[in-house]
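> this one's sequence-less:
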């Protein structure tokens, strides 16, 4: 893997994980996907599974690239950063959808 | 998940947690804001120091092995200026600080200086900078006597921990509102959303940074164990725990052994790594001791692995690895210090530290907005005090910091006690903003005026740096001077955001009590 | 926010104490009671560790870290416990007992 890729990859995976988790929340699903009904149970399950896989993949990328100590620390903080980015995206999308 | 949580946290517990959460925030919010803000700045202390000490922007020098005997010892002698040297230490250059920093204690007074790697003494920096002002303000409030500052900061930190934990307990819909930030509609709801968002999403970092902050000075603020096993002798505990070594002066003069072989021996003992700091105690005395600290840039732990040598014979005196628990303590301390060379982590620490400021600030603002309902249009003394405190500890703190940085670029180099004048500018402008806030707070603190002041000062800092050093952002980028470029860009961004905020606040209507009375929060 | 807090206090334990005194009792229990308890825990833990053969610096550090973790929890518990007298009894009394126990352990050590 090229030397620059792991970092954007790590943050990207964290972002994707929380984006999937956000869609399992009924309010965001209704705002962003389907305003008539909440997410189907199967979709919720799949989204959660995808989120879990992304989080695990992010940890593996971080630890492989940074070593155990720095890797775990960076992963934990990148999770917060990803979640903040997702909530910013949702606020922006929902706001523009509401006019 | 939420169902289980409801059972876990009874409504009684939730209600009981609200009071300490609210009042810890209202009373200690201003202090915590100072601690978090200065801590965030301290993450980039080296970079801010380059900005505030233009003489030390000597460019990216190849950080090769500095010869202590040829480049360092002559500088110490120059700084001592003929007086007999007692103790001295040198911080060797690293990636972020291309110069060596000296402190020398002589028989009559102390001296400090900065020199380039080839041993050329630079003119006095004339500022405390971030490393000696913002950073000590963060951990001790500059109250050194009797560790009073440590006690106050740690008390506030425990309150912060209690606030974080009680906040999680109070938060009724932690998973449903996990990502929710409704920036539209009611101002008060937006504030609470932002408060919850920063509180929950950055919780791991905030818990970690607050606990590890106390952990660093734990033997000082909770000396129960030291009292029990070391008879209250803190120095003896630290000697034992960290493998330190000390011995008194003998009074017999003796020549020093060369230092370079000692550093080489220390590196051999570490099995790699670089020396970061070299201390010489009892210089020129038969009982002289040389201490070599390892650079911790390549790992999280703050274990500096000190190696002690006899200053006269050059023989190894002590090198002791800490036990497992002390090693854990060093790792926890290192997590807080962030002394490691890791740029992504450094930025995350900075941003999440500022997120802590947002958490505390929105908490105080939310309280103010909520209490407005009870007070109506004529707020009472208590509300106005908190409003002034909130204003002084947010925009006021920014104004004071930026005023000090502007003064750093404006004050002529030669004036006496230049660094103290800068500190005076910081505190006077801070007190000034607090008084301004207290006088002008009627229905709202003077947010918009103070935001405009922040914007103007931040922009002025960038321009002043350009005028006084000739280094504008484009040239800094071309010269790969990332420290100065980074500080300038953050200043410019601050100016832009503060200006936008100020314009928006001017346009904001005075609060409408009919919408304020609608309560849509907790539960 | 304040209203809920006041209502809670009068309901929870304000029968005997006036509200202001009650609040003071809570806050002092959370600040001094919790710190005293943590102090006792750190001192007793250090002595216990030393008796168990840990190096003194290790025992001091381990017990202090443990005490630090309990400190905010104890402080919050002082607000959560329905009767403030119970809070004071457990935190203050427990702290005193732990300190006494640490002295005893210190004396029994060689």
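It's in. Given the structure is predicted, the values throughout are model-derived calculations rather than measurements.
> contacts and neighbour counts: CA atoms only from here.
Fine.
> quick one: the helix ranked longest in chain C near chain B?
Identified as the longest helix of chain C according to DSSP state H is helix C:56-80. Yes: judged by CA under 8 Å from any CA of the partner chain, helix C:56-80 comes into contact with chain B through C:56-65, C:68, C:71-73, C:75-76, C:79-80.
> can you name the next helix or strand after the helix or strand of chain C with the lowest mean pLDDT?
Least confident element among the helices and strands of chain C, by mean pLDDT, DSSP states H and E: helix C:2-12 (a mean of 41). Later in the chain than helix C:2-12, the nearest helix or strand by DSSP states H and E is helix C:19-28.
> now do that following helix: which elements does it pack against?
helix C:2-12, helix C:56-80, helix C:84-88 (3 or more CA pairs under 8 Å, 6 or more residues apart in numbering or on different chains; DSSP states H and E).
> so which of the ones you listed is the most packed in?
helix C:56-80 (a mean of 23; mean count of other CA atoms under 10 Å in any protein chain shown).
> count of residues packed around the residue nearest to residue B:42 when sequence neighbours are not counted?
If the residues on either side of it in the chain are set aside, residue B:42 comes closest to residue B:135, at 5.1 Å by CA to CA, 6 or more residues apart in numbering or on different chains. Neighbourhood size, residue B:135 [other CA atoms under 10 Å in any protein chain shown]: 22.
> how about residue B:484?
Residue B:484: 25 neighbours (other CA under 10 Å).
> tell me which element it falls in.
Taking DSSP H and E as the criterion, residue B:484 maps to helix B:482-507.
> again, but for residue B:123
Under DSSP H and E, no helix or strand contains residue B:123.
> again with residue B:435
Here residue B:435 is covered by helix B:418-440, with elements defined by DSSP H and E.
> which positions in that helix come out as buried?
Neighbour-count burial for helix B:418-440 flags B:418-419, B:421-423, B:425-427, B:429-438 (criterion: 16 or more other CA atoms under 10 Å in any protein chain shown).
> next one: the helix or strand following it to chain centre, how far?
Of the helices and strands lying after helix B:418-440 in sequence (DSSP H and E), the nearest is helix B:447-469. Centroid separation between helix B:447-469 and its chain, computed with CA atoms, centre = their mean, to the nearest Å, is 22 Å.
> so which residues make contact with helix B:447-469?
Helix B:447-469 is contacted by residues B:54, B:391, B:395-396, B:398-399, B:402-403, B:405-406, B:409-410, B:433, B:471-472, B:488, B:491-492, B:494-499, B:501-503, B:505-506 when judged by CA atoms under 8 Å, 6 or more residues apart in numbering or on different chains.
> in that helix, what's buried?
B:447-466.
> now swap in stretch B:257-269 and tell me
In stretch B:257-269, counting by 16+ other CA under 10 Å, buried: B:257, B:258, B:259, B:262, B:263, B:265, B:266, B:267.
> from the chain's centroid, how far away is the helix or strand of chain A with the lowest mean pLDDT?
Least confident element among the helices and strands of chain A, by mean pLDDT, DSSP H and E: helix A:26-32 (a mean of 90). When distances are taken as CA atoms, centre = their mean, helix A:26-32 is centred 16 Å away from the chain's centroid.
> stretch B:116-125 too?
Here stretch B:116-125 is found 26 Å from its chain centre; the criterion is CA atoms, centre = their mean.
> again, but for stretch B:294-311
That offset, for stretch B:294-311, works out to 22 Å (CA atoms, centre = their mean).
> likewise for stretch C:73-89?
The answer for stretch C:73-89 is 9 Å, by CA atoms, centre = their mean.
> now stretch B:193-209
Per CA atoms, centre = their mean, the centroid offset for stretch B:193-209 relative to its chain is 19 Å.
> what does that stretch contact?
A:76-77, A:80-81, A:83-84, B:161, B:164, B:167-168, B:171, B:174, B:178-182, B:335-336, B:352-353, B:355-356, B:358-360, B:362-363.
> mind running it again at 6 Å?
A:80, B:181, B:336, B:359, B:362 (CA atoms under 6 Å, 6 or more residues apart in numbering or on different chains).
> thanks a lot, see you next time.
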